[in-house]
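Undergrad: pasting the sequence and the predicted model now:
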Amino acid sequence: MPALEHLHAATPIEHLRVPQTLAYNWEYDATRTRLMRLYENAKRDQWNSSTRLDWSLDVDPEKGLVPDPGIAIWGTPLWDKLTEKEKAKLRHEAITWQLCQFLHGEQGALLVTAQIVDAVPWYEAKQYAATQVMDEARHVEVYRRFVQEKLQHEYPVNPALKSLLDQVLSDSRWDIKFLGMQIVVEGLALAAFGTIRDTATNPLLRDLTAAVMEDESRHVAFGVLSLREYCRELPEKDRFEREDFVYEACVLMRDRITNREVWEAMGLDPDECIALADGSELARQFRYRLFSKIVPNVKSLGLLSDRQRARFEALGILAYESNSTSDVDHDAEIERRIRAGELELAGA
């Protein structure tokens, strides 16, 4: 089967009118040392997907690129009823849906990060955000290439993901862009990427995901470091407004994970499949783990009041509040790579 030349979107080019606040910084203050260190790390850790990844490796999505338990209805009576041919098709549909959402999410991150360069008032953050624009362009490149060349199949952007991207792009406040993209979308992606990197049976998908994760951990740390001092100084009314935005974004992302489009493509009853997935302890644990970085990061920003804690408890994700934050994780990973001889000390 030949590779796709392009995705076949109903609206290939979509225009979105957004208010945008621009901020010059004439002070050029560089006293936020942890942000400047992230910038140095970002310059050092740029990579080229054309040379780092072996694109000649074979990919057979029907044989499964990740273990079957990653499919939401695995282990249910419905899974047992599927023929081997249907299971092969479901493996192909499920991984294609997931990687297409990564692709669409990365394009959203590219657009939002470009806005952050303009909107954020701090010089250090502008410099770092500029490196993230390049990172996001590279992530779009690798997922586009994998989907078009290796999966030869496509899914449009999920409505819940599109809704959140539109909200973030359309809000002129720079901290809302950070909260929506750096904390929620990137935090969710980081957890999902970690599961794929650790379980992928296909070496190209594993290596691609590991490379992307090196950048993503830096991106989430950028959000935490940038927002921590800002959010703590917000009046209570504004802080509650940010809490509401984060909670509603988490609900949207939880609803994105139902895989409804996959069940419809398989000719299965979507509501039955979603109900089976909701009743599966394995699938439920997977969905909850996706929020394992969001909750501690939100807490470190001062956005986990008692009412937010109660809402997170109802979502089943509050248990992650004591996990380490992404800036701490990033520092620990850099130290590990230096000790392993993978990185030089300069700039770390």
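TA: Received the coordinates, thanks.

Undergrad: who touches the helix or strand of the chain with the lowest mean pLDDT?
TA: Lowest by mean pLDDT, DSSP states H and E among the helices and strands of the chain is helix 281-289, with a mean of 81. Outside helix 281-289, the residues that touch it by Cβ atoms under 8 Å, 6 or more residues apart in numbering are 69-70, 72-75, 191, 195, 254, 257, 277-278, 316-317, 319-320. Yep, even glycine has a C-beta here, placed from its N, CA and C like the rest.

Undergrad: and it, how far from the chain's centre?
TA: 17 Å (Cα atoms, centre = their mean, to the nearest Å).

Undergrad: can you tell me how far the nearest residue to residue 136 once chain neighbours are set aside is from residue 88?
TA: Nearest residue to residue 136, sequence neighbours excluded (Cβ to Cβ, 6 or more residues apart in numbering): residue 110, at 3.9 Å. To residue 88, residue 110 is 33 Å away according to Cβ to Cβ, to the nearest Å.

Undergrad: now the end-to-end length of stretch 165-185.
TA: End-to-end distance of stretch 165-185 (Cα to Cα, to the nearest Å): 9 Å.

Undergrad: repeat for stretch 22-33
TA: 24 Å.

Undergrad: give the buried residues for that stretch.
TA: Within stretch 22-33, the residues that count as buried by 16 or more other Cβ atoms under 10 Å are residue 32.

Undergrad: same question for stretch 75-83.
TA: 75, 76, 79.

Undergrad: now intersect the residues you listed with the helices, please.
TA: If you go by DSSP state H, the buried residues of stretch 75-83 have residue 79 in helices.

Undergrad: sorry, back to before: among the contacts of helix 281-289, show me the least confident.
TA: The lowest pLDDT within the contacts of helix 281-289 belongs to residue 257, with 77.

Undergrad: possible to save the buried residues of stretch 75-83 as JSON lines with distance to residue 261?
TA: Below are those laid out as JSON lines (distance: Cβ to Cβ, whole Å):
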{"residue": "75", "distance to residue 261": "21"}
{"residue": "76", "distance to residue 261": "19"}
{"residue": "79", "distance to residue 261": "18"}
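
Undergrad: flag the shaky bits of the stretch 1-150 of the chain, pLDDT-wise.
TA: Within the stretch 1-150 of the chain, the ranges that satisfy pLDDT under 70 run 1.

Undergrad: my guess is residue 46 contacts residue 133. True?
TA: No: with contact defined as Cβ atoms under 8 Å, residue 46 and residue 133 do not form a contacting pair (12.0 Å).

Undergrad: quick one, which of the two is more surrounded?
TA: residue 133 (18 against 11; other Cβ atoms under 10 Å).

Undergrad: in which helix or strand would I find the more buried one?
TA: Assigned by DSSP states H and E, residue 133 belongs to helix 123-145.

Undergrad: quick check: buried residues in the helix or strand following that helix?
TA: The first helix or strand that comes after helix 123-145 along the chain, using DSSP H and E, is helix 159-170. Neighbour counts over helix 159-170 (16+ other Cβ under 10 Å) mark 160, 161, 162, 163, 164, 165, 167, 168, 169 as buried.
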